[in-house]
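Visitor: sequence below, structure please.
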Amino acid sequence: MGKSDSGSLIFWGLAMMIIPLWLFSFPETTIRHNLNPLLVYGSQLTALTGFSMFALTFVLSARWRWMEDYFGGLDKMYHLHHTMARTALVLLLIHPILLASRFIPGELDKVFWYLLPVHRKVEIDLGSWALWGLILLMLVTIVIKLPYDKWKITHKFMGVFFTLGILHIYFLDLSITANPALAIYLAALSVIGVTAWIYKTILFDWVIEKPQYRVEKADRLNEQVIEITMAPENERVRFIPGQYFFFSFRDSELSEESHPFTVCDESDDGQIKIMVKALGDYTEQLYRNLKPGAVALLEGPYGRFDYRKGKQNQVWIGGGVGIAPFLSWAHDLKRQGYQGYTIDLYYCVKTESEAIHLQLFKELEAGMKDFQVHLIREDVEGLLSINELSGLEEKEIFICGPKPMREALVPKLKKAGVPKEAINYEDFDFR
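Guide: As a prediction, this is how the structure comes out:
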């Protein structure tokens with residue numbers, strides 16, 4: 001297992017560590033409750049496991065760059081954050097349901113009331129408020145689909161409900177005083193979770209250094225894509241070709257939210273370029289309103305999408321603005337004169353007019369004997385079929401493009417014998 005594979009195992013291991021620690025103290029519960037022991041044990045175990053996962057989600061969303069190496073990129077960390085958060089919610093919901101099930105079948109009305117914060121003990125109400133707060137925020141995330149900037153504001157309240165959960169546990173004294181190891185572990189999770197939440201929610205913009213750039217050009221390449229050229233106001237950023245930054249533009253006609261965009265190129269004087277496609281509220285606003293002179297704040301770089309860490313024989317598959325990292329790599333190849341790679345680039349577009357940067361790849365193809373570009377036009381050749389590719393099991397595959405394209409290709413590549421570790425992609429759908 002490589003370093004980039006270990007992050008998920010470490011975090012799931014930390015979350016599940018609560019189970020063996022709990023086992024040392026669970027017999028205490030039969031003395032303290034006049035309930036079926038299995039209901040008590042099950043409710044405690046789901047509550048504590050859900051709590052440990054909940055705490056770790058704050059660490060995963062804190063954007064600590066040093067952690068990326070253990071996951072293979074920030075996108076992998078965010079997706080683990082989402083998976084762990086949803087699992088935590090299910091476990092935390094099971095906790096009161098198990099306790100309420102004692103009223104089945106005779107007193108069904110009490111089952112409903114038990115799940116609400118109408119108890120005589122404030123410590124139990126704290127748990128109910130925490131749970132309903134999480135349910136509301138999850139509904140906003142999964143069902144309601146608020147605009148990104150509004151959703152980010154609601155997401156900041158996660159820490160408030162996590163804190164209510166901490167108070168719920170400690171005021172109830174769920175047998176943790178009888179087990180110092182469990183008490184220490186829960187205290188550590190509480191401190192880590194709250195610290196990560198405060199860091200990301202309150203301190204982040206104050207402690208993270210954000211180099212300042214100024215927009216030099218904003219070229220509308222077609223009806224949806226804008227190419228933005230920026231020059232450094234002070235220090236130049238340093239990054240590996242293919243990495244991305246979170247960009248926040250300061251302009252009276254733009255919101256100040258930040259979004260990730262890959263740097264397509266950097267000139268000798270430090271100017272950088274990014275491509276943005278108008279796909280949502282913010283990117284459409286950027287396409288319409290961004291003008292030269294606007295200031296951009298950069299946070300990063302992030303990402304571990306790096307062709308130089310792959311095999312010598314590679315396949316690059318780019319669709320739409322997902323061609324951005326391959327542009328960065330092409331410029332890097334031209335500058336460095338690397339000749340040790342055999343690369344086939346599949347540039348996937350709907351129509352040839354969308355292949356805005358085809359000429360750059362043609363120039364690289366002319367100067368590098370083992371580089372070939374294949375234009376795949378949906379209206380002519382149809383969608384890319386892996387049946388057109390040969391010797392895949394011996395190649396490193398890099399994919400960047402729309403989610404449906406990636407989801408269609410990855411299972412077929414695995415079926416064709418490409419090892420999982422040789423299929424590289426980034427998923428910018430962080431929400």
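Visitor: what stretches of the stretch 251-400 of the chain score poorly on pLDDT?
Guide: 338 (pLDDT under 70).
Visitor: need the strands for it, in chain order.
Guide: 259-266, 272-277, 295-302, 313-319, 342-349, 371-377, 396-400 (DSSP state E, counting those that start in this stretch).
Visitor: quick one: which of those strands is nearest Met84?
Guide: strand 295-302 (19.6 Å; CB to CB). Using the backbone N, CA and C atoms, a C-beta is placed for each residue, glycine as well.
Visitor: returning to what we had before: can I get the strands of the stretch 251-400 of the chain in TSV with distance to Asn424 and mean neighbour count?
Guide: Formatted as TSV, these follow (distance: least, CB to CB, whole Å; neighbours: other CB atoms under 10 Å):
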stretch	distance to Asn424	mean neighbour count
strand 259-266	14	23
strand 272-277	20	22
strand 295-302	15	20
strand 313-319	9	23
strand 342-349	13	21
strand 371-377	18	18
strand 396-400	5	23
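Visitor: which residue, other than its chain neighbours, is closest to Trp316?
Guide: In this structure, Trp316 finds its nearest non-sequential neighbour in Leu345, 4.4 Å apart by CB to CB, 6 or more residues apart in numbering.
Visitor: okay, and the beta partners of the closest residue to Lys210 other than its chain neighbours?
Guide: Nearest non-adjacent residue to Lys210, counting by CB to CB, 6+ apart: Leu297, 4.2 Å away. Applying DSSP bridges to Leu297 yields these beta-bridge partners: Gln212, Ser248.
Visitor: show me what contacts Leu297?
Guide: 210-213, 247-250, 258 (CB atoms under 8 Å, 6 or more residues apart in numbering).
Visitor: so which of those residues wins on neighbours?
Guide: Within those, most neighbours by other CB atoms under 10 Å means Tyr213, with 26 neighbours.
Visitor: stretch 227-244: end-to-end distance?
Guide: 15 Å (CA to CA, to the nearest Å).
Visitor: now name the helix or strand holding Gly50.
Guide: Assigned by DSSP states H and E, Gly50 falls within helix 37-60.
Visitor: cool, His79 as well?
Guide: Going by DSSP H and E, His79 is part of helix 74-100.
Visitor: by contact count, what packs against that helix?
Guide: When contacts are defined as 3 or more CB pairs under 8 Å, 6 or more residues apart in numbering; DSSP states H and E, helix 74-100 packs onto helix 6-16, helix 37-60, helix 108-114, helix 122-139.
Visitor: nearest to Ser390, out of those?
Guide: Ser390 sits nearest to helix 6-16 of all the helices and strands packed on helix 74-100, at 32.6 Å, using CB to CB.
Visitor: for the helix or strand following the closest one, the distance to its chain's centre please.
Guide: Counting by DSSP H and E, the element after helix 6-16 in chain order, helix or strand, is helix 18-23. Relative to its chain's centre, helix 18-23 lies at 29 Å (CA atoms, centre = their mean, to the nearest Å).
Visitor: how about stretch 68-80?
Guide: 7 Å.
Visitor: pLDDT wise, what is the spatially most central residue of the chain at?
Guide: Nearest to the mean C-alpha position of the chain, counting by CA atoms, centre = their mean, stands Tyr78 at 2.5 Å. Listed pLDDT for Tyr78 reads 93.
Visitor: distance-wise, check it relative to His259.
Guide: For Tyr78, the distance to His259 equals 13 Å [CB to CB, to the nearest Å].
Visitor: who touches Trp329 in this structure?
Guide: Applying CB under 8 Å, 6+ apart, we find Trp329 in contact with 241-242, 307, 316.
Visitor: ok, now Leu221?
Guide: Leu221 is in contact with 227, 275, 356, counting by CB under 8 Å, 6+ apart.
Visitor: switch to 7 Å and redo it
Guide: 227, 356 (CB atoms under 7 Å, 6 or more residues apart in numbering).
Visitor: got JSON lines for the contacts of Leu297, with distance to Cys264 too?
Guide: Shown next, in JSON lines, are the contacts of Leu297 (distance: CB to CB, whole Å):
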{"residue": "Lys210", "distance to Cys264": "20"}
{"residue": "Pro211", "distance to Cys264": "17"}
{"residue": "Gln212", "distance to Cys264": "20"}
{"residue": "Tyr213", "distance to Cys264": "14"}
{"residue": "Phe247", "distance to Cys264": "13"}
{"residue": "Ser248", "distance to Cys264": "19"}
{"residue": "Phe249", "distance to Cys264": "17"}
{"residue": "Arg250", "distance to Cys264": "22"}
{"residue": "Ser258", "distance to Cys264": "18"}
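Visitor: quick check, nearest of the residues you listed to Trp12?
Guide: Ser258 (29.0 Å).
Visitor: my guess is that closest one contacts Arg250, does it?
Guide: No: between Ser258 and Arg250 there is no contact under CB atoms under 7 Å: 11.1 Å.
Visitor: ok, the residue lying closest to Met158 once chain neighbours are set aside to Phe157 distance?
Guide: Leaving aside its sequence neighbours, Met158 sits nearest to Leu137 (CB to CB, 6+ apart; 6.2 Å). The gap separating Leu137 from Phe157 is 7 Å, by CB to CB.
Visitor: what about these two, which has more around it?
Guide: Applying other CB under 10 Å to Leu137 and Phe157 shows that Leu137 carries more neighbours, namely 20 against 15.
Visitor: how close does that one sit to Ile198?
Guide: Leu137 is 18 Å from Ile198, by CB to CB.
Visitor: swap in Leu164?
Guide: From Leu164 to Ile198 the distance is 15 Å (CB to CB).
Visitor: so for the two, which sits in the more crowded spot?
Guide: Leu164 (19 against 14).
Visitor: the one helix or strand the more buried one maps to to helix 122-139, inter-axis angle?
Guide: Element membership of Leu164 [criterion: DSSP H and E] is helix 158-172. Helix 158-172 runs at 150 degrees relative to helix 122-139, counting by axes from the mean of the first three to the mean of the last three CA atoms, to 10 degrees.
Visitor: only C-alpha atoms, please: export the helix or strand just after helix 158-172 in CSV.
Guide: Helices and strands here follow DSSP H and E; after helix 158-172, the next one along the chain is helix 180-198. The C-alpha trace of helix 180-198 is given here as CSV (Å, rounded to 0.1, in the frame of the first residue of the first chain):
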residue,chain,number,x,y,z
PRO,A,180,-10.3,6.0,31.3
ALA,A,181,-9.1,4.9,27.9
LEU,A,182,-12.5,5.6,26.4
ALA,A,183,-12.9,8.9,28.2
ILE,A,184,-9.5,10.0,26.9
TYR,A,185,-10.2,9.0,23.4
LEU,A,186,-13.6,10.8,23.3
ALA,A,187,-12.0,13.9,24.8
ALA,A,188,-9.3,13.8,22.1
LEU,A,189,-11.9,13.4,19.4
SER,A,190,-13.9,16.3,20.9
VAL,A,191,-10.9,18.6,21.0
ILE,A,192,-9.7,17.7,17.5
GLY,A,193,-13.1,18.1,16.0
VAL,A,194,-13.8,21.5,17.6
THR,A,195,-10.3,22.7,16.8
ALA,A,196,-10.6,21.7,13.1
TRP,A,197,-14.0,23.4,12.9
ILE,A,198,-12.8,26.6,14.5
